[in-house]
Each structure stands twice: as structure tokens, then as C-alpha cells.
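Trainee: starting from these lines, generate the structure:
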Amino acid sequence: MAGQHLPVPRLEGVSQEHFMQHLYPQRKPVVLEGIDLGTCTSKWTVEYLSQVGGRKEVKIHVAAVPQMDFISKNFVYRYFLLRFTLGIQITCFKPLRYLYKIHMAHHLLHKEFFISEDEKYYLRSLGEDPRKDVADIRKQFPLLEEDIKFPKFFKEEQFFSSVFRISSPGLQLWTHYDVMDNFLIQVTGKKRVVLFSPRDAQYLYLSGTKSEVLNIDDPDLAKYPLFSKARRYECSLNAGDVLFIPALWFHNVISEEFGVGVNVFWKHLPSECYDKTDTYGNKDLTAASRAAQILDRALKTLAELPEEYRDFYARRMVLHIQDKAYSKNFE
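Mentor: Now for the predicted structure:
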């Protein structure tokens, strides 16, 4: 288990003014209860969604195990033509061609499968052209737009994306961070979310924006000994709850029940800070990417020195970074 366990605070009836003046500046996760989300929390049943949806092409992650790993890609992508947004009945048009039924309301039990009888499914909505367009539920699923209200805690011009998500019961998504602030809106079902502070990045064994540690509840400490030092923040999300996830906070999401969620991302920094090719909200800021490239070149230069000198000057570089770059006030 990770070393320190801390609950994520839960607050009810938080106004936009209170959030922006008192909670937002703290740059810490918080669960907001009682936010007006519209009628989605009561209307978005499987039956309702089957009536309002049209034919929609989507890409679904299919995994044989509950813990999806984006680093090793222990899942496959399958493309479907959905008769409606959540796919009670799915016609697969690539690479297989047969009618295939999934009853999500009954724990996704089905007679035919791609990998195994216990395979898990995860749908993350995409833009029309994922390489150029961001996901926006109001565009990809316009018939659902009137049902959901986004928390008005940021300016409309800051809006980046709204991502429609569905998950099989028991599915666990890899630990990762995003570079934008976001609200995780739990519309139906229940999730458990574990978060780690950006300050604990050194304990999470990162590969890009993702952690190599898949089993965060029972980690292999022989392989990942530093993970035990990471402070773990945890919360449960029920229908109607909204979790504020500040940028750079690592999060791991476990679907305890079949459910529907929507993430709303917004730009809290000037637009020029972000990578213009980023359609997911998870590419490092342009300045950070440039700094990483400069550091790589510096390390290659140090490699030209004898080991004794390389060790000495590398330590001096670390001290210099700690002195000049680390925030003394970040908690």
C-alpha cells in the first residue's frame, strides 16, 4: 500500500464565487456535491439513451484484464457502429462483421467476445478527427446536450473539451496526469478515484504522463520500492458528484459500477502555453517540452566526461535545479 492515505474533502452547495476565491487557489482536489447538473443524473438510463441516440461510429478499448495499461497497451481498439450512444446493440463493422449484443445494464454479459469472456470495455468520446478536433459532448452527442449542465466555474472562452465516458464494472484506468484543470462529473454509477500530488511524481515511476505502477492497491514494492512514499488521496464518486482535478494531479479511476461520466477540461493558463496539436489535454506545455529537450542535450554533453566528473557535475545540476526551479511554497 502507498504510505499516507488522505481523504479528498467533500463540500456541498459550493458557489462559483466560493470555489474561485477559496478552493481553486489551493490547487487541491475536492468533491463538490449538490451542483446543478441538469436532468442527466436521472434521465441517462440505458433505456433512455437507447431512445435518444442515433447511429454513431466510436472506438472502444477492449481489455482482457481489469487494469488497463496504456504503456504496454494491454488492450485492443475495436471500432463499432452504435445504434445508440452506449451500445446495448452493437454492429461491429471493422474488423469483424456480425451482430453482437452487449447488455451493459447487466455487467456486460454477452455470448460472443473479442479477447475473453471477462473482457472489459472503455469508451472515451473523440472529436470528429481526433488528430485535429477535441471531444465535445455537445457536438458528438447533440441529443444529450440539453440534459447536462456544466458547472459554471470557469469562463466560456477557457473551455477546452467535454469527454463522454462509459466503463465496464471493475475497470481500472492507468494512473496519469493532464495539463489542464478538469471536472470529473459522475452522471450515473459509482467510481473510486485515487489521486497523487504532483510533488510525489518522483515516487510514481513515470513513463511520459503515466505511471508504470498498475496495481496501486497492492503494488510490487520489490519492483517499485519508492511507491510506498507517495501520499494517496482517495474519494468515492456517486451519481451527481463532481470531482475537481487540478492540472498535474495524478489520478487513477476504478469503476465500481457500470456508469456514465463526463470530463470537462478548461485552459487555466494563456492559450499560447499549450501545445497547439494537443486534442486530449495531456501533452506537456510547450515550455516544459523545450526544457526537457535542452536537458537531454545537456545530459548527452555530460556523457562525454569521465565518470568521476560526470557524477560531480550531474549532482551540481540537480542542486541548481532544486535551487532555481522548485517552488518553495507548493504543498
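Trainee: domain parsing for the protein?
Mentor: Domain assignment of the chain by automatic domain parsing yields the ranges 4-37+136-273, 47-122, 286-324.
Trainee: so which of these is the most packed in?
Mentor: Mean neighbours per residue, mean count of other CB atoms under 10 Å, is largest over the domains of the chain for domain 4-37+136-273, with a mean of 18. For glycine as for every other residue, the C-beta is placed from the backbone atoms N, C-alpha and C.
Trainee: work out the gap between that domain and the centre of the chain.
Mentor: Relative to its chain's centre, domain 4-37+136-273 lies at 6 Å (CA atoms, centre = their mean, to the nearest Å).
Trainee: give me the next element, helix or strand, following the worst-scoring helix or strand of the chain on mean pLDDT.
Mentor: Counting by mean pLDDT, DSSP states H and E, the chain has its least confident helix or strand at strand 98-101, which shows a mean of 28. Sequence-wise, the next helix or strand beyond strand 98-101 is strand 120-124, with elements assigned using DSSP states H and E.
Trainee: list the contacts of that following strand.
Mentor: 58-66, 68, 75, 86-87, 102, 108, 135, 163-168, 170-171, 173 (CB atoms under 8 Å, 6 or more residues apart in numbering).
Trainee: ok, which stretches of the stretch 1-150 of the chain are helices?
Mentor: For the stretch 1-150 of the chain, helices defined by DSSP state H, counting those that start in this stretch occupy the ranges 16-18, 40-43, 46-52, 137-140.
Trainee: and the strands in the stretch 101-250 of the chain?
Mentor: Shown for the stretch 101-250 of the chain, the strands assigned by DSSP state E, counting those that start in this stretch span residues 120-124, 159-167, 172-176, 181-188, 191-196, 206-207, 210-211, 231-237, 242-245, 250-255.
Trainee: follow-up on the earlier one: make JSON lines out of the helices of the stretch 1-150 of the chain and add distance to residue 245 and mean pLDDT.
Mentor: Listed next are the helices of the stretch 1-150 of the chain as JSON lines, based on distance: least, CB to CB, whole Å; pLDDT from 0 to 100:
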{"stretch": "helix 16-18", "distance to residue 245": "18", "mean pLDDT": "95"}
{"stretch": "helix 40-43", "distance to residue 245": "20", "mean pLDDT": "94"}
{"stretch": "helix 46-52", "distance to residue 245": "25", "mean pLDDT": "71"}
{"stretch": "helix 137-140", "distance to residue 245": "18", "mean pLDDT": "88"}
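Trainee: mind putting these in a markdown table, distance to residue 127 included?
Mentor: Output for those, formatted as a markdown table (distance: least, CB to CB, whole Å):
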| stretch | distance to residue 127 |
| --- | --- |
| helix 16-18 | 28 |
| helix 40-43 | 21 |
| helix 46-52 | 21 |
| helix 137-140 | 7 |
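Trainee: which one of those lies nearest to residue 311?
Mentor: helix 16-18 (51.2 Å; CB to CB).
Trainee: what about this protein, any weak spots by pLDDT?
Mentor: Within the chain, the stretches with pLDDT under 70 are 1-3, 50, 52-58, 79-117, 327-331.
Trainee: so which residue of it lies furthest out from the middle?
Mentor: Distance to the chain centre peaks in the chain at residue 306, reaching 43.0 Å (criterion: CA atoms, centre = their mean).
Trainee: ok, now which ones touch that one?
Mentor: Per CB under 8 Å, 6+ apart, neighbours of residue 306: none.
Trainee: hang on, isn't residue 212 packed against residue 205?
Mentor: Yes: with contact defined as CB atoms under 8 Å, residue 212 reaches residue 205; the gap is 4.3 Å.
Trainee: any idea which of the domains of the chain gets closest to residue 130?
Mentor: Residue 130 sits nearest to domain 47-122 of all those, at 8.4 Å, using CB to CB.
Trainee: state the three-state secondary structure for residue 282.
Mentor: coil (DSSP: H, G, I helix; E, B strand; the rest coil).
Trainee: so it touches residue 182, yeah?
Mentor: No: counting by CB under 8 Å, residue 182 is not a contact partner of residue 282; they are 10.5 Å apart.
Trainee: against residue 313, how distant is the residue farthest from the centre of the chain?
Mentor: Going from residue 306 to residue 313 by CB to CB, to the nearest Å gives 11 Å.
Trainee: and if you look at residue 74?
Mentor: Distance from residue 74 to residue 313, by CB to CB: 40 Å.
Trainee: what does residue 40 give?
Mentor: Taking CB to CB, one finds residue 40 at 57 Å from residue 313.
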